[in-house]
Each structure stands twice: as C-alpha cells, then as structure tokens.
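**Student:** fold the following for me, if possible:
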Amino acid sequence: SATNILYHLNTYTTSAGDNQWYRVTFDIGAERDKPLGFGKLRGHTLWVHFVGIPVGSSITIRNAKIAPYEFAQTVTDITADSKTTIHPETYNIGVYNGHGHHARQFVNEARVPYANPAVQGRFPILGWNGVEPHVDNGSIDWDRLESDFKDYWECGFSLAMPTGNPQANAHCIWDNIGRFVFNGTGLKMFLKPNDLTDDEIKYYAGADRLAGWFIRDEPFVFNLHEMRGIVDRVTSFDTQHILYGNIFGCQGDDMSATGARDYEDYVNQYLTQVGIGYLSYDFYPVRQYEESGQRFMHPLFFYNLEFASRISRQHGIPFWGFVHSVESNCGVEGQKYPKPSIEEMKIEAFCALAYGAQAIQYFTYGCPYDPEYNYQNSPLDSDGNRTPTWDIVKTVNTEINALCDVFLGAQVRWVANTAENTPQGCRSLTPDMLPDGFNAITTDCPTGLCVSRLSNGNCEYLMVVNPDLDATQTVRFDKSVDCMKVTTPNQKIPAKAT
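**Tutor:** Predicted structure coming up:
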C-alpha cells in the first residue's frame with residue numbers, strides 16, 4: 001500500500017442520494033502534518049487531520065456523515081497495536097446557516113470541581129420558594145422557623161434556598177452563634193453572593209451547613225459575562241463549595257430570545273463561559289387543557305432529558321433535573337400546569353434519574369405570590385401551612401432517598417424507549433442493546449416505557465419508568481439469567497419475568 005498519500009479528494013460522492021452510506025479506507029503517509037480530505041457531500045469536503053500516527057497505519061472512518069449542525073462529541077482512545085473504530089457518533093463535521101463547525105472534546109471549564117452538596121445518606125433534593133421566617137414586630141419567630149425547616153427535612157429535602165432574611169440565613173448555616181435553626185436536620189443552604197460583601201463571603205465560606213453559592217437563574221446570553229464575573233469573585237475566596245446556576249429548558253426550535261442561534265448553542269455558551277460545573281435546567285412537561293381538563297405530556301419532555309444527559313456527558317459534568325409541584329398558568333392560551341399529582345411528579349423525577357440526574361429540584365415548595373401565574377396547591381400554602389401536595393412530595397422523596405445508593409453517582413450506559421411512536425430525540429429499544437441474558441422488555445401499553453441501563457460501583461441496573469399519566473402498564477422481561485429486583489426501601493428480591 002502507498003505510504004505517501006497526502007490528499008485523497010473526491011473518493012466518493014452523493015450521486016446515489018444524500019442518505020447513501022459509503023465506505024472508504026485510506027493509508028496515512030509519512031508527512032502527517034498536512035490534512036487529508038475526501039468526499040464531496042452537499043458541496044462540502046470532509047477534511048481529516050492526524051498527528052503522530054505511525055507510518056503505514058491504516059484507519060477506517062465508518063459512516064462519517066456531513067449533516068446540518070450535528071454534535072456528538074465522545075472521547076475515543078487510540079492505543080498502539082490495537083484496532084480502533086471511529087463510529088459516526090464520535091466523528092462530526094457540518095454546517096449551520098453557512099457556518100462550519102467540527103467535533104472537539106470540551107474542556108471542563110468549572111472553577112470549582114463538582115461534589116455532592118448533600119449530607120451523606122441523602123440524595124440532593126432542593127425546593128424552590130422554600131421556608132420563610134415569620135416576623136412579628138420586627139422579631140423572627142425562631143420556634144416556628146426551626147419547626148418549618150424540620151418539616152422541610154421530613155418531607156425529604158436535603159438542600160435549601162436562602163430565605164429573604166440574612167439574619168435567619170446566618171442562624172441556619174452556623175451552629176455556634178446562638179439559635180441553630182437547622183438543629184435536628186442535615187439540611188444545607190445556598191447563599192447569594194450578590195447580597196454579601198467580600199468579607200461576608202469569606203466568613204460564610206467556613207460554615208459547615210453552606211451548600212454552595214447561588215449565581216443566577218435562567219440567564220440570557222448577554223447575562224453570561226456577568227455570571228462569570230460573579231463566579232470569579234466567589235472563587236477568589238472559596239473553591240470548596242459548588243456554584244448554582246439554572247438555565248431554560250428547550251421550548252422549541254426558536255431560541256433567538258435567549259441571544260443564541262439554537263438551544264445547543266445556548267447551552268454550550270453557558271457551560272463554557274460561566275463554568276458552573278454541572279448543568280441544571282427547568283422544563284415542566286405536564287400540561288392540562290383548561291376546557292376539557294385533559295392532562296398531557298409536552299412532546300419535548302424526553303428531548304430535553306436526552307439533550308441534558310448527552311451534553312453533560314460530553315462536558316464531563318453531571319446534570320440536575322426538575323419536578324413541577326404547583327398548579328399555575330403556563331403562558332400558553334387554553335393550557336395550564338395542573339394541580340400536582342403523584343403520577344406526574346414520579347414521571348418527572350424518575351425519568352430524570354433514569355437519564356442520570358444527580359439532583360432533583362422542585363418548583364415550588366412554598367406558594368409564590370404572582371397574579372399573572374396564579375400559583376396554588378403547592379406543598380405549602382401562602383400562610384406556610386401544609387397542603388395535600390406536601391404528602392405527595394414526601395412520598396416521592398422517600399422513594400428517591402431510599403434508592404440513594406442506586407442513583408447517586410450512577411453512570412448512564414444508555415437510555416431507550418419502547419413506545420410505538422418513539423418520542424422526539426429518543427432511541428427505540430432493540431434486543432442488541434440489552435445485557436447478556438435479556439432478550440426483550442415488553443409492555444401491554446402503546447405509550448411504552450423509558451428503559452435505562454445504569455452502572456454504579458460494581459452494580460449494573462436496568463431501570464424502567466412508566467411515562468403514561470393515566471395507564472398502568474404490565475412489564476415483561478424475557479430473560480434467561482437470574483437478577484434481583486431493587487425495591488423501596490433499598491431491598492433486593494429475586495426478579496420475576498413479569
């Protein structure tokens with residue numbers, strides 16, 4: 001074979017149609033400092049750059065496809081004396097609106113390495129619009145505040161947002177300045193650095209019950225520089241506590257309002273410019289038609305999960321998911337967010353966990369006042385008293401915390417779907433994806449299942465979630481191996497076929 005090929009152009013074309021696959025094998029010459037180009041797809045040439053490859057090496061690029069704006073960066077290790085196949089999902093080049101891009105491995109831009117912020121034995125669970133102190137004649141009702149946070153802990157939460165009272169916050173995270181509000185719980189609290197001086201940031205950085213620093217919620221692109229400034233300020237004093245930021249979920253194709261060209265551009269700019277260290281996004285999928293009262297799942301629910309799981313793995317960071325726990329308007333005429341039910345909250349929480357989420361957040365815990373959205377039926381009412389939703393949230397959180405050993409630190413091997421009509425962005429489950437000894441996973445419902453394969457330590461898990469708001473499904477495992485069913489609390493019993 002030749003060893004001096006530097007350029008290999010027009011090896012194949014798309015004359016048979018854009019969807020036709022071709023196979024090309026080529027040798028790499030001694031002068032490996034120049035690019036090798038081949039093919040003309042839709043008027044574009046694919047260029048390959050190799051550095052430090054031994055003379056005489058032969059590499060096959062299988063199914064390298066040029067398509068509009070495709071990203072799927074995955075690390076591929078190439079070692080001596082071994083055969084390495086570069087799959088299409090790990091090799092990308094393309095265009096978007098006339099702008100070229102190519103695959104690359106993202107550098108983790110986090111200023112603070114991610115670490116689980118919750119106390120040991122509890123899954124990270126955070127409630128928005130949480131407990132607020134009751135103030136009478138300028139004095140905090142400390143007994144009520146301590147009792148309310150004990151209820152919050154009992155409900156299964158482990159992380160808290162700051163209250164609107166700096167004095168109350170200080171007595172939550174310090175146990176040596178008098179009344180310790182978090183007494184009898186394992187709660188930790190985020191603080192907002194924008195509300196603090198530099199000296200106060202340094203002071204609070206030493207508190208045992210500090211969870212981290214709240215940077216910003218739902219930024220637009222023009223906010224990212226400001227966010228990075230806050231991150232730089234905080235990390236000049238504290239690099240031990242995580243940073244909190246949360247972004248918009250994908251609502252559709254048009255993301256121009258955020259200042260980004262599309263959702264992937266929005267998320268990548270956020271992750272690379274701000275450096276939070278993990279991805280948190282909010283998207284609330286369960287809607288209700290106001291006229292008929294029928295509930296339905298937004299078609300982008302699984303797309304958002306697929307995207308968050310994929311891009312967080314590409315950046316080498318975890319992601320956090322959300323559960324909607326309050327009834328309100330949703331900003332779409334004729335639709336609303338319905339009164340919370342255990343079905344929808346379990347679907348949102350456990351689908352996120354199936355995709356590898358390393359924290360669950362609730363919007364909301366308390367009941368915000370906003371005439372536009374008309375919030376109601378949150379876990380606490382406007383007076384801070386429990387509602388029936390509180391008991392539902394406790395039930396869901398109890399199950400999550402009981403399975404903390406399964407989900408905390410879990411790595412996603414794959415996620416697939418068995419629906420007759422595969423949800424947008426998802427893969428259909430095929431037998432070859434299943435572990436050895438499993439032939440099929442089937443159900444009696446056309447909605448199908450969300451099926452996930454997780455690894456955690458020395459354990460391998462198959463997880464199935466029923467995403468149907470109304471139907472109960474019977475699941476059958478066609479298997480020839482013995483395995484255990486993990487129940488709540490975290491017990492294991494022999495698994496049956498059905």
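
**Student:** can we go C-alpha only for contacts and neighbour counts from here?
**Tutor:** Fine.

**Student:** run through the bridge partners of the residue most central in space within the chain.
**Tutor:** With distances taken as Cα atoms, centre = their mean, residue 319 lies nearest the centre of the chain, 3.4 Å away. Residue 319 has these beta-bridge partners by DSSP bridges: residue 279.

**Student:** that one against residue 311, yeah?
**Tutor:** No: the criterion here is Cα atoms under 8 Å, and residue 319 misses it with residue 311 at 9.2 Å.

**Student:** so who does residue 492 touch?
**Tutor:** Shown here is residue 492, whose contacts under the criterion Cα atoms under 8 Å, 6 or more residues apart in numbering are 484-486.

**Student:** tell me who's in contact with the residue nearest to the centre of the chain.
**Tutor:** Contacts of residue 319 by Cα under 8 Å, 6+ apart are 278-280, 308-309, 312, 356-359.

**Student:** show me the shaky parts of this protein.
**Tutor:** By pLDDT under 70, the weakly predicted segments of the chain are 1-107, 488-490, 498.

**Student:** tally of neighbours for the residue lying closest to residue 481 once chain neighbours are set aside?
**Tutor:** Using Cα to Cα, 6 or more residues apart in numbering and skipping residues adjacent in sequence, the residue nearest residue 481 is residue 437, 5.2 Å away. Residue 437: 12 surrounding residues under other Cα atoms under 10 Å.

**Student:** please report how far the residue nearest to residue 484 when sequence neighbours are not counted lies from residue 483.
**Tutor:** Leaving aside its sequence neighbours, residue 484 sits nearest to residue 494 (Cα to Cα, 6+ apart; 4.5 Å). Residue 494 sits 6 Å away from residue 483, going by Cα to Cα, to the nearest Å.

**Student:** looking at the two, which is more packed in?
**Tutor:** residue 483 (14 against 10).

**Student:** any idea how far the closest residue to the more buried one other than its chain neighbours lies from residue 437?
**Tutor:** In space, and not counting its chain neighbours, residue 483 is closest to residue 495: 5.8 Å by Cα to Cα, 6+ apart. Distance of residue 495 to residue 437, given as Cα to Cα: 13 Å.

**Student:** for residue 467, same thing?
**Tutor:** 26 Å.

**Student:** swap in residue 284?
**Tutor:** Residue 284 is 37 Å from residue 437, by Cα to Cα.

**Student:** contact partners for residue 230?
**Tutor:** 193-194, 215.

**Student:** about what we covered before: the residue nearest to residue 484 against residue 485, yeah?
**Tutor:** Yes: with contact defined as Cα under 8 Å, residue 494 counts as touching residue 485 (5.9 Å).

**Student:** need phi/psi at residue 435.
**Tutor:** phi -60, psi 160 (degrees, to the nearest 10).

**Student:** go on, residue 450?
**Tutor:** According to degrees, to the nearest 10, residue 450 has phi -90, psi 120.

**Student:** was I right to think it contacts residue 416?
**Tutor:** Yes: in this structure, residue 450 is within contact of residue 416 by Cα under 8 Å, at 6.1 Å.

**Student:** and the helices in the protein?
**Tutor:** 142-154, 166-173, 198-204, 224-235, 263-274, 301-315, 342-354, 388-402, 404-407 (DSSP state H).

**Student:** okay, those in TSV with distance to residue 185 next?
**Tutor:** Listed next are those as TSV, based on distance: least, Cα to Cα, whole Å:
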stretch	distance to residue 185
helix 142-154	6
helix 166-173	11
helix 198-204	19
helix 224-235	27
helix 263-274	32
helix 301-315	31
helix 342-354	23
helix 388-402	15
helix 404-407	18
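
**Student:** among those, which is nearest residue 479?
**Tutor:** helix 342-354 (21.0 Å; Cα to Cα).

**Student:** buried residues in the closest one, which are they?
**Tutor:** 344-354 (16 or more other Cα atoms under 10 Å).

**Student:** isn't the residue nearest to residue 481 right next to residue 431, touching?
**Tutor:** No: under the criterion of Cα under 8 Å, residue 437 is not in contact with residue 431, lying 10.5 Å apart.

**Student:** quick one: the nearest residue to residue 373 once chain neighbours are set aside from residue 295, how far?
**Tutor:** Counting by Cα to Cα, 6+ apart, residue 373 lies nearest to residue 329, which is 4.8 Å off, once chain neighbours are set aside. The gap separating residue 329 from residue 295 is 14 Å, by Cα to Cα.

**Student:** more neighbours: which of these two?
**Tutor:** Shown here are residue 329 and residue 295; by other Cα under 10 Å, residue 329 has more neighbours (21 against 18).

**Student:** ok, now which ones touch that one?
**Tutor:** 335-337, 372-375 are the contacts of residue 329 under Cα under 8 Å, 6+ apart.
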